[in-house]
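Novice: here is a sequence with its predicted model. Questions after.
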Amino acid sequence: MKTSIMQLGHHTVITLKEAVNHQNCKELEASVLGAIGKNHLAIILECKEVSYLDSAALEMLLRLQDTVKERGSLVKLVDLNEICRDIMIVTRLINQFNVYSSVQEAIKEPS
């Protein structure tokens, strides 16, 4: 899975650089879980380059959110394109996640 990871204070921003699907979602999940440290507020998944989310990716995001929440942190989704936003709306998962239009907005929003 092509990503870049950056620390911004108590937030980890993971920029996803390709579609998230059954072939790469396990790798992404491992990367996210490995990035959580002490005093960590949120994992921010920047999705502007994600062209598509398949059902395995959606299941992984739900699992990831539960695991991250158990560790006292949050998953925040940022900059979903129209297709990914529509997928989240149609599956009614849009309300299960904190979704923002920019990384700055996600960081400003209290955890």
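Specialist: Alright, I've got the coordinates. None of these values were measured; they are calculated from a predicted model.
Novice: stretch 91-106: end-to-end distance?
Specialist: Start-to-end span of stretch 91-106 (C-alpha to C-alpha, to the nearest Å) is 23 Å.
Novice: centre-most residue in the protein?
Specialist: Centroid-nearest residue in the chain, with C-alpha atoms, centre = their mean: residue 45, separated by 3.3 Å.
Novice: tell me the SS of that one?
Specialist: Assigned with DSSP: H, G, I helix; E, B strand; the rest coil, residue 45 falls in the strand class.
Novice: what of residue 99?
Specialist: Classification of residue 99 by three-state DSSP places it in strand.
Novice: give the bridge partners for the nearest residue to it once chain neighbours are set aside, please.
Specialist: Sequence neighbours aside, residue 77 is the residue nearest to residue 99 in space, at 4.9 Å (criterion: C-beta to C-beta, 6 or more residues apart in numbering). C-beta here means a position set from N, CA and C on the backbone, and glycine is covered the same way. According to DSSP bridges, the partner residues bridging residue 77 are residue 45, residue 99.
Novice: isn't residue 54 right up against residue 20?
Specialist: Yes. Using C-beta atoms under 8 Å, residue 54 is in contact with residue 20, at 7.4 Å.
Novice: look at those two and report which has more neighbours.
Specialist: Taking neighbours as other C-beta atoms under 10 Å, residue 54 and residue 20 compare with residue 20 leading, 25 against 15.
Novice: wait, what's in contact with that one?
Specialist: 1, 28, 50, 52, 53, 54, 57, 60 (C-beta atoms under 8 Å, 6 or more residues apart in numbering).
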